[in-house]
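Asks: Here is a sequence with its predicted model. Questions after.
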Amino acid sequence: MSQVAAGFKMQFTGPAGASMPNTSFFTPVSGALNYGLTNAMGAVSGMTGSGASQTLRVAGLLIIAGVAGTFRWQWAQNTANVSNTIVHAGTRMILTRLV
């Protein structure tokens with residue numbers, strides 16, 4: 001993420017009956033763990049920026065209850081700020097299906 005104090009917030013949503021307990025780790029360039037949050041699907045996770053480039057890692061398990069629908073990741077800047085939050089090129093989301 002970018003080097004601004006605007007921060008970052010996100011939310012996972014899914015079809016009825018789906019659940020996804022997830023944990024977010026928000027880490028500054030220094031490499032020290034800055035933030036850890038365990039959250040549920042549909043809840044908003046917010047992180048404040050520190051003015052330095054930071055890495056966000058999210059790990060979770062999506063559990064579907066047999067109902068079709070859309071799984072969605074939504075993100076935005078956490079607070080109004082003169083500088084913008086930027087998700088840099090090369091950012092990726094890796095999903096693995098467990099059978």
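Replies: Perfect, thanks for sending it.

Asks: For the protein, give me the ranges with low pLDDT.
Replies: 1-5, 25-38, 49-52 (pLDDT under 70).

Asks: where exactly do the strands run in it?
Replies: With DSSP state E as the criterion, the chain has strands at 8-13, 22-28, 35-39, 45-47, 54-60, 72-76.

Asks: Dump the last one to CSV, keeping only the CA atoms.
Replies: By that I understand strand 72-76. The C-alpha coordinates for strand 72-76 follow below in CSV (Å, rounded to 0.1, in the frame of the first residue of the first chain):
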residue,chain,number,x,y,z
ARG,A,72,-16.7,-10.2,-3.3
TRP,A,73,-13.7,-8.2,-1.9
GLN,A,74,-14.4,-4.5,-1.4
TRP,A,75,-11.7,-2.0,-0.3
ALA,A,76,-11.4,1.7,0.1
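
Asks: how many degrees apart are that strand and strand 8-13 in direction?
Replies: 160 degrees (axes from the mean of the first three to the mean of the last three Cα atoms, to 10 degrees).
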